[in-house]
Each structure stands twice: as structure tokens, then as C-alpha cells.
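S.K.: structure here, sequence nowhere to be found:
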């Protein structure tokens, strides 16, 4: 029987097929419980190491540093988790799974959309685990449940944009190792060269200048204002975060879609 080929691309079809393949991505988590272990233990180690090892040295009081750190450690952990999107796509291509999708009556971009949407569940689990660990060691969100939900929404929206960078890397690189190595190259300076772990005012001048324009700084500052509260500003960093999200998505979604068409 001759393959039916991709279905006609319409917004409704893209959404329907994308959600269907999102479910496939979620089933992969169920069948690989070790992924849940990785999403659980890595955030626990990050929180424990940064709070209890560096907290006293950074601010003289690990409890004060804990409250300062929590938004940053959430953002950093989610950012690092996004590299899994590229690795998963690269693995599927190597195994020929996307070649099979070409013979199915689904829109061409739906496997790519489904993979990204499915990974958002992983990011949400990461946020939940870190918040649970933080509260276990005494962290209390200053703005209550509303602040928790709002800050979670901010990092999830920004992570959605970063997914397309990771997806593009996963589609243009030849091996999983190359995807991981190249992903770390841009993740480390963005994560550690931001306000996630240190106030930019305490950095050297050139590093502070980089931190001020770093999109991760705007994300962390927004989350800090929403989650911790106090005098931390929210409106300006939130506008910057939304702006960066739109720019990143506008640039890397087309690049990822083109790379996907070339590879599949």
C-alpha cells in the first residue's frame, strides 16, 4: 500500500496532531522511569550544594542565601533540562522514527511540536521538585500560592522559547554527545553569568554588564519578585522576559522547523 503522506497543514490539524504526539512523548517518560529519577535527584543536589556549601560564604547566612537562591536555582535547573529536547530529537532521528512519521497522515511539523510540548511536562516536574526541596529546608514563598503559580508560568514560558534553541541544536548536530556538549557551551554562561546566584552589583564591571543584558537575569529577577516578594521589581524584568521569549521563539522556531524538514 502506498503511504498516504503528510496531511494538509492547517492550524487545527497541527494542534490536533501535535497534542497526539505530545502524548507519545509523555508515554516515553512512563516507560523510562530513570528519567524521573534524573529530574528528581539533580535538583535536590543543586539545592543542597548551593545552599549549604556556598550559602554561608556568599551572604554569611545560608538561610538568607536560600531565599535569594530559590528563583535562580529553579530557572537554572529548567534551563539545563531543556537540553533534553535536543537530545531526544537527535535520538529519534538516528533511530529513523521521524522517517516513519512521514508515512503517516500527520502534518510535517507535528512531531517537532509534540516533542517540545511533551518536554514542558519535564520542566514542570523540575519546578515542583525544587520547590518541595526548598520548602523542606525552610523556604516560604513570600507571595504565597499566587506567587508560586505566577513564577512557574514565567519560567515555563521562557523554557518553551529555549526548547526551540535546543531543538535546532539537536537537529543540526550529528550525535547526542555533540548536542550535549554544544548545549552546555551556551547554557553555562547564560546561567552562571546572571543574577541567579550572585547579585550583579557584586560582580566585576565587565561581568555585571553582561549580567544586566542576560535574558536569564530578567527571568530570575521576575521570578524573585513574584516568588519571594519584598522590594524586588517585577514589571520591568517581566517585560524584558516576554520580549526575549518572543525574539528567541521568532528566531529559532523557523530554524528548528527548517532543520527538521531537512533531516526528515
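M.R.: That came through, no problem. Note that the structure is a prediction, hence the values are computed from the model and not measured.
S.K.: so where is the stretch 1-150 of the chain shaky, pLDDT-wise?
M.R.: Scanning the stretch 1-150 of the chain for pLDDT under 70 picks out 1-39, 59, 97-111.
S.K.: state the pLDDT value of residue 172.
M.R.: Looking at residue 172, its pLDDT is 91.
S.K.: now do the contacts for it.
M.R.: residue 259 (C-beta atoms under 8 Å, 6 or more residues apart in numbering). The way it works is simple: take the backbone N, C-alpha and C, and place the C-beta from them, glycine included.
S.K.: same check, this time on residue 216
M.R.: 75-76, 79, 190-191, 193-196.
S.K.: check residue 175 too.
M.R.: Counted by C-beta under 8 Å, 6+ apart, residue 175 has contacts residue 90.
S.K.: check which helix or strand the closest residue to residue 152 other than its chain neighbours maps to.
M.R.: Spatial nearest neighbour of residue 152, excluding adjacent residues (C-beta to C-beta, 6 or more residues apart in numbering): residue 127 at 5.3 Å. Assigned by DSSP states H and E, residue 127 belongs to helix 110-136.
S.K.: gap between the helix or strand that that helix is followed by and the chain center?
M.R.: Going down the chain from helix 110-136, the next helix or strand is helix 144-172, by DSSP H and E. Distance of helix 144-172 from the chain centroid (C-alpha atoms, centre = their mean, to the nearest Å) equals 4 Å.
S.K.: neighbours of residue 186, how many?
M.R.: 15 (other C-beta atoms under 10 Å).
S.K.: go on, residue 224?
M.R.: 26.
S.K.: just the element for it, please.
M.R.: Using DSSP H and E, residue 224 falls within helix 215-227.
S.K.: pull out the buried residues from the following helix or strand past that helix.
M.R.: Helices and strands here follow DSSP H and E; after helix 215-227, the next one along the chain is helix 235-263. Across helix 235-263, burial judged by 16 or more other C-beta atoms under 10 Å covers 237-238, 240-242, 244-245, 248-249, 252-253, 255-257, 259-260.
S.K.: so who does the most centrally placed residue in the chain touch?
M.R.: By C-alpha atoms, centre = their mean, the mean C-alpha position of the chain lies nearest to residue 159, the distance being 3.5 Å. Going by C-beta under 8 Å, 6+ apart, residue 159 touches 78-79, 81-82, 120, 123.
S.K.: pLDDT wise, what is it at?
M.R.: Reported pLDDT for residue 159: 93.
S.K.: now it: how far from residue 83?
M.R.: 11 Å (C-beta to C-beta, to the nearest Å).
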